[in-house]
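Trainee: Sequence and predicted structure below; questions after.
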There are 2 protein chains.
Amino acid sequence: MRIIVDAMGGDYAPDVVIEGVIAAVKEYNIEVVLVGEEPRMRALLQKFKYNGNSIELRSAQEVIEMSEPAATSVRRKRDSSIVVGLDLVRDGYGDAFFSAGNTGAVVCAATLSLRTLPGIERPGIGLVLPTLKGISFIIDVGANIDPKPSQLLQYGIMADVYTSHILNKPNPTVGLLNVGEEEAKGTDFVKQTYELFEKSQLNFVGNVEGRDLFSGKCDIIVCDGFVGNVALKVSESLAETLQVFLKRYILKDPLGKLGAFLLGRSLLKFKKEIDYSEYGGAPLLGVNSVVIIGHGRSNVKAIKNAIRTAKEEVERKFNEKILEAIKIKE
Amino acid sequence: MRIIVDAMGGDYAPDVVIEGVIAAVKEYNIEVVLVGEEPRMRALLQKFKYNGNSIELRSAQEVIEMSEPAATSVRRKRDSSIVVGLDLVRDGYGDAFFSAGNTGAVVCAATLSLRTLPGIERPGIGLVLPTLKGISFIIDVGANIDPKPSQLLQYGIMADVYTSHILNKPNPTVGLLNVGEEEAKGTDFVKQTYELFEKSQLNFVGNVEGRDLFSGKCDIIVCDGFVGNVALKVSESLAETLQVFLKRYILKDPLGKLGAFLLGRSLLKFKKEIDYSEYGGAPLLGVNSVVIIGHGRSNVKAIKNAIRTAKEEVERKFNEKILEAIKIKE
């Protein structure tokens, strides 16, 4: 299996990406094609003392920066690591693509280059969230900010396949994100979507609320990409803010400092449980190949785990299962 | 000044509401009319040994429960504490209304009974959030889930007045909640709203993202009530989830337990900083009187602080200032 990796994507690229890729090829018995600035990639492979033959380099002279507008940059930067890498996948040279770079650009380039799966109108980004009862899967967190109800149903079906076959939770429960639990709640858009879900073959449990993202009330939460994006960024920001608040108060108090020292081990385990890097990237579901998007701040472990997710999707013939599910679950 | 209080609203009503009201009349030199089941209210005043003459009782035989559908319950339960209380305000018997009950029912009954201010199309619910740099104000967190761009602009203007005159931050910065910072981001709805804000006289700083709710990047964040409701409930739920996670790990570890004990004081101060009950309820802005909505789980302090907010809005002639601002800031 050969996974194409955008070496230039992410806040700590290319260093951290390449370190993660080296860890992944050692652990997962895969080949990787790194796409990016060749001299830099070569120097980093040397720096990290990699001398195996599972990593191939492909040159791309341009980089789409994290803050660039997606559509324009994909159109203009044809020699960027994202565009070149996805074209390699389209041409059959790779089985999957991973980038921790500009999310919008990856979605846009992947849709243009790979096209969507037959029966899927628009791709969606899913994400694994830690909850009080284990994990949940939310889709869409930003690929499609103005979807149709039929597209949300397709997200639900793809998430059902992902949760069953990649996260190993058979027959997952599916909830629709809304402002209240009663069927009559929400905008016309959400009500129409509710009807489609109710008629579907999914294990639909009805509306859920913002509080259920982390309660573990259902295995899958479906929402439009605007709401999903805001919910995700609010969560990240709040978790960081709470840490800062906590630290401020602890450092003001001498006993607090000692307490924090003694708490160290517990805090580390806690941090691990809520750490996105454990969960291996966000799959872009619905395109004609496997695409995983990493958080911009991905560290070595996050890169490695995202590549593991890509490998699992390929091995478990994830897209074939989506095609089957779309036929029977709508 | 006379404030009408729904004695039956909230998860711990009427006990906690009445305790909070007693604290408020003692501290703020106001009169309160408690609306609800008279024998219960009377018994609780005795229980809490209140024998002053600043609290009056008004009977309402019905209660709108927290989970009842808003519009139907307001139409059917004409003798509920929410409807009776708001009608007292409409009839000029009170200067403001407070309830920690069914938010949807309060919004619906207030709109029907008090009507909106001239020039305001729909009321919106604002909320003070703790941030890394102090506090911010978000509007709308759920009154209007499918607003027009013009309504969001009105929310921005009302929030500007609230932040200047109640939160004492003159010329506050205003951001529009979106999925990215660039002007071209977002749905057509958000782009149209952006244009209105840009043309307005507000101190508009452009789009902000979910992460800016708690970063303190701007003083006011404007969004539709669907997104605001989800963002708020996600935040509450995440804060609780993180506490549970932390506790789990701490309790597994003997040194962690000692650490937590030593950390106690810092944790208490921390909890106070992020505690919604410090911030005194959520104002329903845009109706023809002062209406404050409390969190369902309001404790005594939250009730007391919400009544303080109501008093401040009345004293500072908040609605008159909105009427002036609407004329010049659009």
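Mentor: Thanks, I have it.

Trainee: So which residues of chain A form strands?
Mentor: Here chain A has its strands, by DSSP state E, at A:2-6, A:31-36, A:55-59, A:96-99, A:124-131, A:134-139, A:173-177, A:203-208, A:220-222, A:282-285, A:290-293.

Trainee: Can you lay out the ones you listed as a markdown table showing mean neighbour count and distance to chain B?
Mentor: (C-beta placed from N, C-alpha, C; glycine too.) Formatted as a markdown table, the strands of chain A follow (neighbours: other Cβ atoms under 10 Å in any protein chain shown; distance: least, Cβ to the nearest Cβ, whole Å):
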| stretch | mean neighbour count | distance to chain B |
| --- | --- | --- |
| strand A:2-6 | 28 | 20 |
| strand A:31-36 | 25 | 24 |
| strand A:55-59 | 16 | 29 |
| strand A:96-99 | 30 | 18 |
| strand A:124-131 | 23 | 7 |
| strand A:134-139 | 22 | 10 |
| strand A:173-177 | 24 | 6 |
| strand A:203-208 | 20 | 10 |
| strand A:220-222 | 29 | 10 |
| strand A:282-285 | 27 | 15 |
| strand A:290-293 | 28 | 15 |
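
Trainee: who wins for proximity to B:Leu323 among the ones you listed?
Mentor: Distance to B:Leu323, taken as Cβ to Cβ, is lowest for strand A:173-177 among these, at 36.7 Å.

Trainee: between the closest one and strand A:134-139, how big is the angle?
Mentor: Using axes from the mean of the first three to the mean of the last three Cα atoms, to 10 degrees, the inter-axis angle of strand A:173-177 relative to strand A:134-139 is 50 degrees.

Trainee: now for the strands of chain A, which one comes closest to B:Val227?
Mentor: Closest among these, once you apply Cβ to Cβ, is strand A:173-177, at 10.6 Å.

Trainee: List the strands paired with that closest one, with their directions.
Mentor: strand A:203-208 (parallel), strand A:220-222 (parallel) (DSSP bridges).

Trainee: avg pLDDT for the shortest one?
Mentor: Throughout strand A:220-222, pLDDT has a mean value of 98.

Trainee: Likewise for stretch A:128-135?
Mentor: 90.

Trainee: That one spans what distance, first to last residue?
Mentor: Taking Cα to Cα, to the nearest Å, stretch A:128-135 runs 6 Å from one end to the other.

Trainee: export the strands of chain A to TSV and tack on distance to B:Leu262?
Mentor: Below are those laid out as TSV (distance: least, Cβ to Cβ, whole Å):
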stretch	distance to B:Leu262
strand A:2-6	45
strand A:31-36	47
strand A:55-59	49
strand A:96-99	44
strand A:124-131	27
strand A:134-139	31
strand A:173-177	40
strand A:203-208	39
strand A:220-222	38
strand A:282-285	39
strand A:290-293	42
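
Trainee: closest one to B:Gly225 among those strands?
Mentor: Closest among the strands of chain A, using Cβ to Cβ: strand A:173-177, at 14.1 Å.

Trainee: Counting neighbours, which bits of the longest helix along chain A end up buried?
Mentor: Once chain A is assigned using DSSP state H, the helix that runs over the most residues is helix A:225-251. Buried residues in helix A:225-251, counting neighbours by 16 or more other Cβ atoms under 10 Å in any protein chain shown, are found at A:225-239, A:241-242, A:245-246, A:249-250.

Trainee: Restricting to the residues you listed, which residues neighbour chain B?
Mentor: A:225-227, A:229-239, A:241-242, A:245-246, A:249-250 (Cβ under 8 Å from any Cβ of the partner chain).

Trainee: roughly how far apart are the closest residue to A:His165 other than its chain neighbours and chain B?
Mentor: In this structure, A:His165 finds its nearest non-sequential neighbour in A:Arg316, 5.2 Å apart by Cβ to Cβ, 6 or more residues apart in numbering or on different chains. According to Cβ to the nearest Cβ, to the nearest Å, A:Arg316 and chain B sit 30 Å apart.

Trainee: same thing with A:Pro118?
Mentor: Distance from A:Pro118 to chain B, by Cβ to the nearest Cβ: 27 Å.

Trainee: OK, contacts around that residue?
Mentor: Contacts for A:Pro118 (Cβ atoms under 8 Å, 6 or more residues apart in numbering or on different chains) come out as A:Leu323.

Trainee: can you tell me which residues contact the residue nearest in space to the middle of chain A?
Mentor: By Cα atoms, centre = their mean, chain A has its centre lying nearest to A:Ala282, at 0.8 Å. Listed by Cβ under 8 Å, 6+ apart, the contact set of A:Ala282 reads A:125-127, A:141, A:292-295.

Trainee: Number of residues surrounding A:Ser67?
Mentor: Neighbours of A:Ser67 under the rule other Cβ atoms under 10 Å in any protein chain shown: 10.

Trainee: same thing with A:Arg78?
Mentor: A:Arg78 - counted by other Cβ under 10 Å - has 12 other residues nearby.
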